[in-house]
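Novice: The sequence and its predicted three-dimensional model are supplied below.
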Amino acid sequence: MRLLYGSSLSRPLLDRRRLLVGSAALGASACVSSPGNSGTAPHPSGSASVPVPSGKSQLGVALLGLGNYSETRLAPALTKTTHCALRGIVTGTPAKIPVWQERYGIADRNVYDYASLPNIANNSEIDVVYVVVPTSLHAQYSIAAAEAGKHVWCEKPMAMTADECQRMIDACRANRVSLSIGYRMQHEPNTRTVIQMGRDKPYGAIRSVRAVAADHMGGEPSWRMVRAMGGGALYDMGVYTINAIRYATSEEPVRVLRARQWADRPELFREVDESTEYELELPSGITAYGKASRFKPENVLRVEAQNGWYQLEPMQSYEGVKGQTSDGKALDQPIDNQQARQMDDEALAILEGRPPVVPGEEGLRDIRILQAIQQAAQSDSTVSL
């Protein structure tokens with residue numbers, strides 16, 4: 001095993017309560033008011049308004065990037081949605097165009113490459129551009145879509161840095177378009193139950209949280225092994241665990257206590273982490289443990305509370321998310337398609353003039369924490385948020 005950054009985490013550290021030191025730098029989401037009679041909705045940041053599409057009951061979506069996730073998840077999901085539909089594509093691979101046109105009935109006028117993307121501004125059939133390219137390109141194309149006047153849905157992680165995230169938010173605000181990040185789990189019903197439990201504390205005060213998102217990645221070449229493109233376990237899987245810790249506790253972390261990054265297969269993961277684990281301190285004084293890995297599968301979110309526990313296992317798979325509680329309750333509300341639910345929820349928010357379910361600020365908070373975890377691992381020290 002090759003240690004990239006940091007030192008081994010001590011399990012006893014996970015079980016000790018800590019006194020709160022310092023204050024949280026990451027605030028809660030800004031409150032937004034209900035849309036009035038003006039036909040506009042407040043931007044999630046509360047400083048601008050987003051026009052409600054006139055006379056539409058369904059939004060046209062263009063997928064920007066036709067890789068595996070678009071091909072196997074998003075496009076099929078868009079055939080199941082009610083409030084949005086696949087109307088366009090943006091691709092740098094001409095050979096894919098006839099295949100997608102035949103499969104989904106996409107008109108020639110709704111096909112773009114990356115250079116012609118600005119022309120989408122003149123296309124009234126496209127309301128939303130869903131950015132599904134490597135993380136290093138998220139900011140560039142989200143901003144381009146916003147400047148074309150289209151609502152933006154962007155896959156997670158939101159961007160490479162917090163600065164890029166903020167520029168995306170600013171561009172969408174300036175162009176009065178909605179920005180949502182593709183956190184499908186926040187739309188999944190069992191996860192939403194856990195989110196509510198994090199707010200209501202039905203088992204009393206939370207004592208600890210453990211979030212692990214890990215699978216086994218084969219040796220085939222992938223941009224996820226390239227540092228400059230946003231590769232590595234922390235970017236790829238770690239945002240699930242960071243976001244889960246936040247929504248499971250309704251708290252914003254104040255400190256990265258320690259972190260380490262390593263590769264069990266350094267011949268494959270030559271420049272990025274194959275695994276990352278970290279500990280976060282929360283304002284209540286509890287410690288949360290997170291791990292992301294592409295080496296050994298594990299998928300769980302477990303919350304230990306004063307009067308019991310509850311968990312999701314698996315906690316972020318495409319299908320079959322389910323859980324249980326210490327008093328025998330099942331968290332097993334079925335859902336047909338997570339991506340369809342996600343896109344319908346966000347489309348309906350636009351159509352009804354409401355803020356997105358998962359706004360850009362949510363992605364920004366996670367990237368700030370992610371960067372602090374990287375810093376803690378590299379410096380082998382505590383990093384305040």
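Specialist: Received the coordinates, thanks.
Novice: who's in contact with the helix or strand hosting residue 85?
Specialist: Element membership for residue 85 (DSSP states H and E) is strand 84-90. The contact list for strand 84-90 (Cβ atoms under 8 Å, 6 or more residues apart in numbering) reads 58-66, 75, 78-79, 96-97, 100, 104, 106, 110-114, 117, 120, 123, 125-129, 343-344, 347. Heads up, the C-betas are built off the backbone N, CA and C, glycines and all.
Novice: Apply 6 Å and report the result again.
Specialist: With contacts defined as Cβ atoms under 6 Å, 6 or more residues apart in numbering, strand 84-90 is touched by 58-64, 75, 78, 100, 104, 106, 110-112, 117, 125-126, 343, 347.
Novice: That one: what's the following helix or strand?
Specialist: helix 96-104.
Novice: quick check: angle from that next one to strand 84-90?
Specialist: 160 degrees (axes from the mean of the first three to the mean of the last three Cα atoms, to 10 degrees).
Novice: From the chain's centre, how far out is helix 96-104? Work that out for me.
Specialist: Helix 96-104 sits 28 Å away from the centroid of its parent chain (Cα atoms, centre = their mean, to the nearest Å).
Novice: List the buried residues in that helix.
Specialist: 96, 97, 100, 104 (16 or more other Cβ atoms under 10 Å).
Novice: out of those residues, which one sits closest to residue 191?
Specialist: residue 104 (28.9 Å; Cβ to Cβ).
Novice: how far away is that closest one from residue 325?
Specialist: 42 Å (Cβ to Cβ, to the nearest Å).
Novice: Show the pLDDT at residue 103.
Specialist: We have a pLDDT of 98 for residue 103.
Novice: just residue 16 next, same as before
Specialist: 35.
Novice: what's stretch 344-353 in contact with?
Specialist: Against stretch 344-353 from outside (Cβ under 6 Å, 6+ apart): 35, 41, 52, 59, 81-84, 151, 178, 180, 187, 356-357.
Novice: what's the distance between that stretch and the middle of its chain?
Specialist: Distance, centroid of stretch 344-353 to centroid of chain: 18 Å (Cα atoms, centre = their mean).
Novice: related to what we said a few turns ago, kindly reformat the buried residues of helix 96-104 as TSV and extend each row with distance to residue 368.
Specialist: Shown next, in TSV, are those (distance: Cβ to Cβ, whole Å):
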residue	distance to residue 368
96	35
97	38
100	36
104	37
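Novice: Of these, which is the nearest to residue 238?
Specialist: Taking these together and measuring to residue 238 by Cβ to Cβ, the closest member is residue 96, at 29.9 Å.
Novice: If we ignore the residues flanking it in sequence, what's nearest the closest one?
Specialist: residue 66 (5.1 Å; Cβ to Cβ, 6 or more residues apart in numbering).
Novice: Just confirm that neighbour contacts residue 94, I think it does.
Specialist: No: counting by Cβ atoms under 6 Å, residue 66 does not reach residue 94; the two are 11.1 Å apart.
Novice: which one of those two has more residues nearby?
Specialist: residue 66 (21 against 9; other Cβ atoms under 10 Å).
Novice: Which pLDDT value goes with that one?
Specialist: 98.
Novice: Is it part of a helix or strand, or is it coil?
Specialist: Secondary structure for residue 66, judged by DSSP: H, G, I helix; E, B strand; the rest coil, is coil.
Novice: What separation do you get for it and residue 101?
Specialist: In terms of Cβ to Cβ, residue 66 sits 12 Å off from residue 101.
Novice: doesn't residue 300 fall inside a strand?
Specialist: Yes: applying three-state DSSP, one finds residue 300 inside a strand.
Novice: and it, how many residues sit next to it?
Specialist: 19.
Novice: Endpoint to endpoint, stretch 145-163 covers what distance?
Specialist: 18 Å (Cα to Cα, to the nearest Å).
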